[in-house]
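Peer 1: Here's my sequence, what's the structure:
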Amino acid sequence: MVQKEPFLTALQNRILLFDGAMGTEIQKYNPKPEDFPNNQDGFNDGLVITHPDWIKKIHKNYLDAGSDCIETNSFGSNKIKLDEYGFGDQTIEFNKKIAQLAVEVCSEYTDKPRYVIGSMGPSGYLPSSNDPDLGQKPLGEIRNAFELQAEGLILGGVDALLIETSQDILEVKLVIEACHNAMKKTGKKVPIIANTTLDQYGKMLLGTNIQAAYTTVSDMGIDVFGLNCSTGPAEMTPSVRWLDEQNEHNLLVVPNAGMPENQGGQAVYKMTPQKMGELLGDFLKQYKKVRIIGGCCGTNPEHIAVLRKVIDEKAYSVKG
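Peer 2: Residues are numbered from 1 along each chain as shown. Have a look, this model is predicted:
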């Protein structure tokens, strides 16, 4: 059995590779409404109950492709989202189960340390906005929804918590607070990765730029700051450059496979694994604080396999 160093120690010693998209891999199973709990079509996180074998296989495919880290299938498992599917009162146990499944899969790999990252996607509300529907959710309710999720993920054994695809910087603050609260409650400390999602102009959904977003959360006890989703690698370049210049937090860069193209009402991502590997390889070469790469929408195990080669061939293991 390989000795597993703590996640943050590994991050200092080498570049870590995350996995790719989950949702599109689930779609390859062509799920029907009856495949989901209570026939709730699209309740992807609920597959931990009805089709844990699918989720295990997706995790394994990414680990086989060379991922150091896999994200739990818990993107929409905060209490607010789970309430929509009738599972809100089970938030802690639900997330614990999802995390345990990922931990179980990782334990089958003894070649090198593998890490489980607890995925925490947005609530669906925008607390910074004045929107009559999306901006009216009490802040305490949002914080509590994520605290329960974080508690379950920690109890399930995750190696780090990932706040991802964030579109409102106030919500990111609330989730960071929730993670710290959950750690106090469980008595277990795990690293926090705080991501923002930027459009092609470098702004979050409500107009916050990267400088403001980073300044807002950088001193809140986070361990890694990152960018994921929304765009391909090229569009992230100015933001990554600025973040690297701060020379403070280690950085995560997990882009989509290029900008989405609309084809018949469907978002299609066309960036090849080779092109993505080339662009992210350039990031690793130029920006020393970039310590985590991986793929978001449109990426699959083939993209991850190429990123594995990029990391290994360039031997990006020098301490930053």
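
Peer 1: Direction included, what does the helix or strand of the chain with the lowest mean pLDDT pair against?
Peer 2: Using mean pLDDT, DSSP states H and E, strand 266-268 stands out as the lowest-scoring helix or strand of the chain, at a mean of 89. Here strand 266-268 is paired, per DSSP bridges, with strand 261-263 (antiparallel).

Peer 1: Run through the helices of the stretch 51-200 of the chain in chain order.
Peer 2: Along the stretch 51-200 of the chain, counting by DSSP state H, counting those that start in this stretch, helices occupy 52-64, 79-84, 91-107, 139-155, 169-186.

Peer 1: how about those, which one is nearest residue 38?
Peer 2: helix 79-84 (11.8 Å; Cβ to Cβ). Placement of C-beta: from N, CA and C, glycine included.

Peer 1: Give the buried residues for that closest one.
Peer 2: 79-82 (16 or more other Cβ atoms under 10 Å).

Peer 1: one step back: tell me which other helices or strands the next helix or strand after the least confident helix or strand of the chain touches.
Peer 2: Next in sequence after strand 266-268, counting helices and strands by DSSP states H and E, comes helix 273-286. On a contact count with 3 or more Cβ pairs under 8 Å, 6 or more residues apart in numbering; DSSP states H and E, helix 273-286 meets helix 233-246, strand 290-293, helix 301-314.

Peer 1: What are the contacting residues of stretch 254-266?
Peer 2: The contact list for stretch 254-266 (Cβ atoms under 8 Å, 6 or more residues apart in numbering) reads 18, 195, 200, 226-233, 235-236, 267-272, 275-276, 280, 292-299, 303.

Peer 1: list the contacts for residue 125?
Peer 2: 80, 134-135, 137, 142, 168, 171.

Peer 1: change it to 10 Å
Peer 2: By Cβ atoms under 10 Å, 6 or more residues apart in numbering, residue 125 lies in contact with 80, 131, 133-139, 141-142, 145, 168, 171.

Peer 1: What confidence value was assigned to it?
Peer 2: Model confidence at residue 125, given as pLDDT, is 96.

Peer 1: next one: residue 147
Peer 2: pLDDT at residue 147 comes out at 98.

Peer 1: What about it, how many residues nearby?
Peer 2: 25 (other Cβ atoms under 10 Å).

Peer 1: go on, residue 267?
Peer 2: Residue 267 has 13 nearby residues by other Cβ under 10 Å.

Peer 1: who does it bridge with?
Peer 2: residue 262.

Peer 1: switch to numbering from 111
Peer 2: Sounds good: first residue 111 from here, last item residue 377.

Peer 1: from what I can see it touches residue 407, true?
Peer 2: Yes: in this structure residue 377 lies within contact range of residue 407 using Cβ atoms under 10 Å: 7.3 Å.
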